[in-house]
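>>> Pasting the sequence and the predicted coordinates here, then a few questions.
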Amino acid sequence: MNEADESVTGSGDQSGTNAFLEKLAQLLTAKNQVVPTPQFEGSAAPITIKLDGTNFGLWSQVVEMFVLSKDKLGHLNGDRSQPPGGNPAHHKWKIDDSIVKGWIINSLAPNLIGNFIRFSTAKEVWDAIATTFFDGNDASQVYDLKKRVSRLKQSGGQVEEYYNSLQALWREIDFRRPNPMKCKEDIEKYNQVVQEDRVYTFLDGLNDRLDGVRADVLQMTPLPTVEQAYARVRREDVRQSVMLGKGQIVPDSMAMISKISAPHEVKNSSSYNLNSSTKFSSNGNRNQTQPAMGIGCTHCGNPKHTKDTCFKLHGYPEWWKELKKKRQESEKARAAVAVSENYCVFPSGESDVKTEPAGYSDEGDNWAWY
């Protein structure tokens, strides 16, 4: 074989090797390539709130927030319109719209599903629900909401329940009467006025035993938001709960009952020990005894109560003023009886009529009915 033949043979072997390597590379690439599988979101929406016909405002906000997080809000507001039938994107749009429609249907109460499932698109379902359950121009609904706000009071209940009820009504009002201002400064001023009105409303509905913290909030400059006012009131409510009721709030009515009924309960027993320092006899009179050793207030020096229950240190409860008023009335009644005895028709010392003191009236013992 001459040099020319060897050259041809060498070049042929080289080209064959290159072709083989190229083919092998293609096969390996095809083997390792991962073909993406289309992923479809299920129609079972994790929306826990159900539309029952009375909570459209809250329900619609939750649904909008969820659909927006999935980048499909255009199927509700019409921004993402349906492509023509021959458009390649039509099939994908139908799938997405069906998913959004399923989210809405699954968030309805069972008795409402049949009224809206027949609509063909998610927007049609959304518009039909809004038409059925919401009318932003319905003055009677706004009037009813504002009336419920004005009449809502704590009425001896928990502060949290009272505040949450107010917030629910205010959110519904805001949804039906949004801020009408356009300028940024006007928007802030409008929101500030609304916040001040709501602080006044919240404070007005509190129990009388929270009158002290109510006055403190009103004296703050600038006036706090309703959230800040609630936080301040709640701290005071918890403090009273710990100091006066060992973890339970003493209702206003129960405080009044206890301080009025205590003298009668004492009267029916031969003796009653109060803080191990005072006893009452069977006729209701108080017998002073020496206070027990080690018991007394280190703040005010009164041996008849401890520092933990000292009203001068922790503040007087709201029923204290009314108790003092009752005591004054009792004193006046006893004075009237004393005057009438001067005109008694019985000779002195012969009358069988006896007058018992009307309850316990020691002005200095502020712990008496506590």
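Yep, it's here. Numbering: from 1, shown residues only.
>>> Can you pull out the low-pLDDT segments for this protein?
The chain contains residues with pLDDT under 70 at 1-16, 28-45, 135-137, 245-295, 333-370.
>>> Could you list the domains of it?
If you go by automatic domain parsing, the domain ranges for the chain are 56-133, 139-245, 252-341.
>>> Dump those to CSV, plus mean neighbour count and distance to residue 19.
Glycine gets a C-beta too; all of them are placed from N, C-alpha and C. Below are these laid out as CSV (neighbours: other CB atoms under 10 Å; distance: least, CB to CB, whole Å):
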stretch, mean neighbour count, distance to residue 19
domain 56-133, 16, 38
domain 139-245, 15, 71
domain 252-341, 14, 96
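>>> For the ones you listed, please prepare JSON lines with the additional fields distance to residue 23.
Compiled in JSON lines, these are given as follows (distance: least, CB to CB, whole Å):
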{"stretch": "domain 56-133", "distance to residue 23": "34"}
{"stretch": "domain 139-245", "distance to residue 23": "67"}
{"stretch": "domain 252-341", "distance to residue 23": "91"}
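>>> now for these, which one comes closest to residue 20?
domain 56-133 (39.8 Å; CB to CB).
>>> quick revisit: among the domains of the chain, which comes closest to residue 47?
domain 56-133 (4.3 Å).
>>> sec struct for the closest residue to residue 173 other than its chain neighbours, please.
Among residues not flanking residue 173 along the chain, residue 145 sits closest, at 5.1 Å (CB to CB, 6 or more residues apart in numbering). Here residue 145 is helix, with the state taken from DSSP: H, G, I helix; E, B strand; the rest coil.
>>> now swap in residue 223 and tell me
coil.
>>> so it makes contact with residue 197?
No - using CB atoms under 8 Å, residue 223 is not in contact with residue 197; the gap is 10.5 Å.
>>> which residues of the stretch 201-350 of the chain fall in helices?
211-218, 226-245, 252-267, 311-314, 319-341 (DSSP state H, counting those that start in this stretch).
>>> Distance check, the residue nearest to residue 236 when sequence neighbours are not counted against residue 158.
Leaving out its chain neighbours, the residue that sits closest to residue 236 by CB to CB, 6+ apart is residue 213, at 4.0 Å. Separation of residue 213 from residue 158 (CB to CB, to the nearest Å) stands at 15 Å.
>>> Could you do residue 205 as well?
With CB to CB as the criterion, residue 205 and residue 158 are 13 Å apart.
>>> again, but for residue 59
26 Å.
>>> hang on, the earlier thing: for residue 25, find the nearest of the domains of the chain.
Of the domains of the chain, nearest to residue 25 by CB to CB is domain 56-133, at 32.8 Å.
>>> Straight-line length of the closest one, end to end?
6 Å (CA to CA, to the nearest Å).
>>> again, but for stretch 77-89
With CA to CA as the measure, what separates the two termini of stretch 77-89 is 19 Å.
>>> which residues are contacting it?
Applying CB atoms under 8 Å, 6 or more residues apart in numbering, the contact partners of stretch 77-89 are 72, 73, 74, 90, 93, 94, 97, 121, 123.
>>> wait, which of those residues is closest to residue 314?
Of all those, residue 73 has the smallest distance to residue 314: 54.2 Å, by CB to CB.
>>> Tell me who's in contact with that closest one.
64, 67, 79.
>>> Just the ones of the contacts of stretch 77-89 in helices?
74, 90, 93, 94, 97, 123 (DSSP state H).
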